[in-house]
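>>> Provided below are the primary sequence and the corresponding predicted coordinates.
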Number of protein chains: 2
Amino acid sequence: MFFVVVVGPAGSGKSHLVDALGDWLEFNELDVARVNLDPAAEWLPYEPDVDVRDYIEARSIMEKHRLGPNGALVASVDMLMNYVDKIRSEVEATKANYVLIDTPGQMELFAFRDTGPYVVREIIAGERAAALFIFDAVFASNPRSLASSLFLALSTRLRLGLPQVNAVSKADLLKPEQMEEIQEQVNSPENLYNALVAGGLDPLMAEAAARSLEALVPEGSTAPAALRFVSALSGYGLDDVYAALQQVLVGGEDFYTEEPSPRL
Amino acid sequence: MFFVVVVGPAGSGKSHLVDALGDWLEFNELDVARVNLDPAAEWLPYEPDVDVRDYIEARSIMEKHRLGPNGALVASVDMLMNYVDKIRSEVEATKANYVLIDTPGQMELFAFRDTGPYVVREIIAGERAAALFIFDAVFASNPRSLASSLFLALSTRLRLGLPQVNAVSKADLLKPEQMEEIQEQVNSPENLYNALVAGGLDPLMAEAAARSLEALVPEGSTAPAALRFVSALSGYGLDDVYAALQQVLVGGEDFYTEEPSPRL
């Protein structure tokens, strides 16, 4: 059983990526379990195999404990800790090859509190796991936001303590030449440094961003780039994200087929 | 008019710091305006002079638009954009020396969407401003979390585009020897690098964290350390935070008194 924990800031498209990546894996004949860990999800693009809302629902917490929306969200995410055993059992029962874990909408309630690291550790229970950190393409299209997103990715990497694949989601929003430009920038720490300084960033910050890029390349990765581009809408880059996850999870060995798939 | 925008992850103690810092400034004979920008605040430790809840309330948004707590939070924070002119007028009318701006509980809805940078820019309207980024003392007390918090601080710094003072809140939770140890670590990039590697961090990450620390020292700051320690509970470090803000806002000139105050 391999675990992929999908994290990213509010609105980055976590649930849509879980949906699209799940379908892609199934198309390639893997058994997939989709786990929803967001107690405040109102609607999901996929049918979860394991759903924390069977145990906790932010809306009911709000009514029952007379909390405002903010307090209800914090409380409901923190309550995940009480149900890790149940979730773990349900996950095991799926006997899936790949377990995709969709996390709460507000990343900071999960990754930057005690909840995320604890819940992830308990659900994974020592099996192979990776985080898939995503951020919105619009944040990649200017140097300041790109650097900011890299720092956020590294911050999350340290909180969850998992090998991490980093991806720019909603790649369909980027023009081919924009994507090429960003890819060139993140191709090496030196390129990033030069692009950021050319974009007006303070050299000390550009240096920190370049070092973050270097630190973000997952261990065992043979690709020089720390960032992948993916679109849940068009399916672009799902194969690349899968390959990056495989490298991290099993050192590049292709897990789902003996023969190279014609689709790849 | 000087603006201080208090930001930090959920639960870091933004509102309590606005309360304590406001009282401290008033005790030192400054006129202070406290501005609440959190449409989902249920209770505040201070009486806001300007309150966005007069225009937007997350709870009503939820009922009116039939949103869940998550959707209501996102929508209410994004709606801040529609009221910046009104908030700006109210702020001007206070004629305060120091304007303390308390931001939404979930930092990522503010800083990592378009809202925060836009709203802050419009309210400040070209006057002197600084961000005060805070994170909880518990995150400073182990190397991984400390490094993670530094990356988050730098990520926020880039999003808001303001000179930034960085502080560890709830310093009362740290024992004096813990605080000394952390202070030693953040005293120089080299110290931090060594402490992080000794704590088991990957050298590439430790290097990125060290460079982040370097980039976090605010321009014009004469102190070597990028981090202050403050407690809203005990009042510890409020003078230090004030001094750091002054350095950033007016280059170290003491603004509130002709004579050195005996309290300092």
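Yes, it's here. Numbers count the residues shown, from 1 in each chain, chains lettered A, B, ... in the order given.

>>> So stretch A:91-103, near chain B or not?
No. Using C-beta under 8 Å from any C-beta of the partner chain, stretch A:91-103 never reaches chain B; the gap is at least 12.5 Å. C-beta coordinates here come from the backbone N, C-alpha and C atoms, glycine included.

>>> Flag every buried residue along that stretch.
For stretch A:91-103, the neighbour count (16 or more other C-beta atoms under 10 Å in any protein chain shown) marks A:91-92, A:94, A:96, A:98-103 as buried.

>>> count of neighbours near the spatially closest residue to residue A:173 that is not a sequence neighbour?
Of all residues beyond its chain neighbours, the one nearest residue A:173 is residue A:137 (4.5 Å), with distances taken as C-beta to C-beta, 6 or more residues apart in numbering or on different chains. Residue A:137 sits with 22 neighbouring residues when counted by other C-beta atoms under 10 Å in any protein chain shown.

>>> if I look at residue A:137, how far off is chain B?
Residue A:137 sits 14 Å away from chain B, going by C-beta to the nearest C-beta, to the nearest Å.

>>> Repeat that for residue A:168.
Taken as C-beta to the nearest C-beta, the spacing of residue A:168 relative to chain B amounts to 14 Å.

>>> That residue: helix or strand, and which one exactly?
With secondary structure defined by DSSP states H and E, residue A:168 is part of strand A:164-169.

>>> Describe which strands that strand pairs with in its sheet and in which direction.
When pairs are called by DSSP bridges, strand A:164-169 turns out to pair with strand A:129-136 (parallel), strand A:227-229 (parallel).

>>> Return the most buried member of those strands.
With neighbours taken as mean count of other C-beta atoms under 10 Å in any protein chain shown, the strands paired with strand A:164-169 reach their highest mean count in strand A:129-136, at a mean of 26.

>>> Mean confidence (pLDDT) on it, please.
In this model, strand A:129-136 has an average pLDDT of 96.

>>> The residue nearest to residue A:173 reaches residue A:168, doesn't it?
Yes. Counting by C-beta atoms under 8 Å, a contact exists between residue A:137 and residue A:168, whose distance comes to 5.3 Å.

>>> Next to chain B, which bits of the stretch 151-264 of chain A? Give me the list.
If contact is defined as C-beta under 8 Å from any C-beta, the residues of the stretch 151-264 of chain A in contact with chain B are A:151-152, A:154-159, A:161, A:201-202, A:204-205, A:207-208, A:211-212, A:214-215.

>>> Out of these, which sit inside helices?
Cross-referencing these with the helices (criterion: DSSP state H) gives A:151-152, A:154-159, A:204-205, A:207-208, A:211-212, A:214-215 as the overlap.

>>> These: which two are farthest apart?
Longest distance between any two of these is 24.0 Å, between A:159 and A:204; criterion C-beta to C-beta.

>>> which of those two has more neighbours?
Each of residue A:159 and residue A:204 has its neighbours counted (other C-beta under 10 Å); residue A:159 has more, 28 against 16.

>>> Residue A:63 versus the more buried one, what's the distance?
As for residue A:159, its distance to residue A:63 is 31 Å (criterion: C-beta to C-beta, to the nearest Å).

>>> what's the answer for residue A:109, then?
The span separating residue A:109 from residue A:63 equals 19 Å under the rule C-beta to C-beta.

>>> can you check residue A:174 too?
Taking C-beta to C-beta as the measure, residue A:174 and residue A:63 are separated by 42 Å.

>>> Please apply the same query to residue A:31.
Residue A:31 is 37 Å from residue A:63, where distance means C-beta to C-beta.

>>> Residue most distant from the centroid, chain A?
The C-alpha centroid of chain A is most remote from residue A:66, which lies 32.3 Å away (C-alpha atoms, centre = their mean).

>>> That residue should be in a helix, yeah?
No. The secondary structure assignment for residue A:66 gives coil rather than a helix, going by DSSP: H, G, I helix; E, B strand; the rest coil.

>>> who's more crowded, residue A:174 and residue A:63?
Of the pair residue A:174 and residue A:63, residue A:174 is the one with more neighbours under other C-beta under 10 Å, namely 21 against 10.

>>> wouldn't the more buried one be in contact with residue A:141 here?
Yes. Counting by C-beta under 8 Å, residue A:174 sits close enough to residue A:141 to count as a contact (6.8 Å).

>>> intersection of neighbour lists for the two?
residue A:182 (C-beta atoms under 8 Å, 6 or more residues apart in numbering or on different chains).

>>> Pull the contacting residues for residue A:5.
For residue A:5, the residues meeting the contact criterion (C-beta under 8 Å, 6+ apart) are A:101, A:103, A:120, A:129-132, A:160, A:162.

>>> Could you list the paired strands of whatever helix or strand it lives in along with their orientation?
Residue A:5 is located in strand A:2-7, with elements delineated by DSSP H and E. Here strand A:2-7 is paired, per DSSP bridges, with strand A:98-102 (parallel), strand A:129-136 (parallel).

>>> want to throw those into TSV with distance to residue A:22?
Written out in TSV, the entries for these read as follows (distance: least, C-beta to C-beta, whole Å):
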stretch	distance to residue A:22
strand A:98-102	5
strand A:129-136	12
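
>>> What are the buried residues along stretch A:140-160?
Along stretch A:140-160, the positions that meet the burial threshold by neighbour count (16+ other C-beta under 10 Å) are A:140-141, A:143-160.

>>> Stretch A:186-204 now?
Counting neighbours by 16+ other C-beta under 10 Å, stretch A:186-204 gives A:186-189, A:192-193, A:195-197, A:201, A:204 as buried.

>>> Check those residues and tell me the two furthest apart.
Taking C-beta to C-beta as the measure, the buried residues of stretch A:186-204 span a maximum distance of 22.0 Å, between A:187 and A:204.

>>> quick check: angle from the very next helix or strand once past the strand holding residue A:5 to strand A:164-169?
Helices and strands here follow DSSP H and E; after strand A:2-7, the next one along the chain is helix A:14-27. Counting by axes from the mean of the first three to the mean of the last three C-alpha atoms, to 10 degrees, helix A:14-27 lies at 110 degrees to strand A:164-169.

>>> Mind listing what's buried along helix A:14-27?
Residues of helix A:14-27 classed as buried by neighbour count (16+ other C-beta under 10 Å): A:14-25.

>>> Check which helices and strands it is in contact with.
In terms of contacts (3 or more C-beta pairs under 8 Å, 6 or more residues apart in numbering or on different chains; DSSP states H and E), helix A:14-27 is packed against strand A:2-7, strand A:32-36, strand A:98-102, strand A:129-136, strand A:164-169, helix A:238-250.

>>> For the first one, what does the pLDDT average out to?
Yep, that's strand A:2-7 we're talking about. pLDDT averaged over strand A:2-7 equals 98, rounded to a whole number.

>>> Tell me how far it lies from the chain's centre.
The gap between the average C-alpha position of strand A:2-7 and the chain average comes to 7 Å, counting by C-alpha atoms, centre = their mean, to the nearest Å.

>>> I'd like to check the angle between it and helix A:238-250, please.
With the same axes, to 10 degrees defining the directions, strand A:2-7 sits at 120 degrees from helix A:238-250.

>>> just to revisit the earlier point, same list, the buried residues of stretch A:91-103, but as a markdown table with pLDDT please.
Putting these into a markdown table (pLDDT from 0 to 100) gives the following:
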| residue | pLDDT |
| --- | --- |
| A:91 | 98 |
| A:92 | 97 |
| A:94 | 98 |
| A:96 | 97 |
| A:98 | 97 |
| A:99 | 98 |
| A:100 | 98 |
| A:101 | 98 |
| A:102 | 98 |
| A:103 | 97 |
